[in-house]
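[1] Here is my input, please return the structure:
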Amino acid sequence: MKLVPYLTFGGAAEEAMNFYADVVQGEIIQLDRYNSAPGMQIPEGFEEKVLHGRVKFGDNFLYFSDTDRPIASGDSVSLAIEFSSDEQINHAFEKLSQGGNVQIALAQMFWGGKYAKLTDKFGTHWDLNHFNKTE
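    Next up, the predicted model:
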């Protein structure tokens with residue numbers, strides 16, 4: 001397992017990605033825009049905004065996304081974990097969803113990962129992913 005900070009912005013994620021990549025002397029290894037997601041309802045004006053981005057530095061990552069919802073203090077960060085097995089992600093989702101609020105139920109996604117997004121009973125935001133696509 002690996003814990004990955006996930007930073008959310010109201011439209012400035014790409015700018016932040018470039019800034020943080022420079023800060024940590026890393027590189028942008030993924031930049032998916034809202035208009036690249038098949039069948040997704042895209043917020044107005046967000047077609048070219050960042051749906052999901054990754055900056056890699058050493059063995060570490062920072063994840064990024066833009067949102068059209070208001071961002072209150074503390075809402076701009078979620079903890080993202082990349083799991084190495086279905087069993088691990090299933091266990092974590094079961095535990096974290098108890099008493100929590102599931103925004104996206106655990107399911108196979110178009111990018112090849114099994115994914116869920118939720119807020120646990122303590123108010124901590126989580127993004128769970130098991131990238132099981134064969135490379």
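
[2] What sits closest to residue 53 if chain neighbours are left out?
    Nearest residue to residue 53 in three dimensions, chain neighbours excluded: residue 64, at 4.1 Å (C-beta to C-beta, 6 or more residues apart in numbering). All C-beta atoms are positioned from the backbone trio N, CA, C, and that covers glycine.

[3] same check, this time on residue 26
    residue 57 is the one closest to residue 26 (C-beta to C-beta, 6+ apart), at 3.0 Å.

[4] you'd agree that neighbour is up against residue 28?
    No - the pair residue 57 / residue 28 is not scored as a contact, 10.6 Å apart, by C-beta atoms under 8 Å.

[5] Spell out which residues are contacts of both of these two.
    Shared contacts of residue 57 and residue 28, defined by C-beta atoms under 8 Å, 6 or more residues apart in numbering, are found at residue 21.

[6] Next up, the contacts around residue 106.
    With the criterion set at C-beta under 8 Å, 6+ apart, residue 106 makes contact with 89-90, 93, 114-116, 128.

[7] and these as TSV, adding secondary structure and neighbour count?
    Below are the contacts of residue 106 laid out as TSV (DSSP: H, G, I helix; E, B strand; the rest coil; neighbours: other C-beta atoms under 10 Å):
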residue	secondary structure	neighbour count
89	helix	23
90	helix	16
93	helix	22
114	strand	20
115	strand	22
116	strand	22
128	strand	24
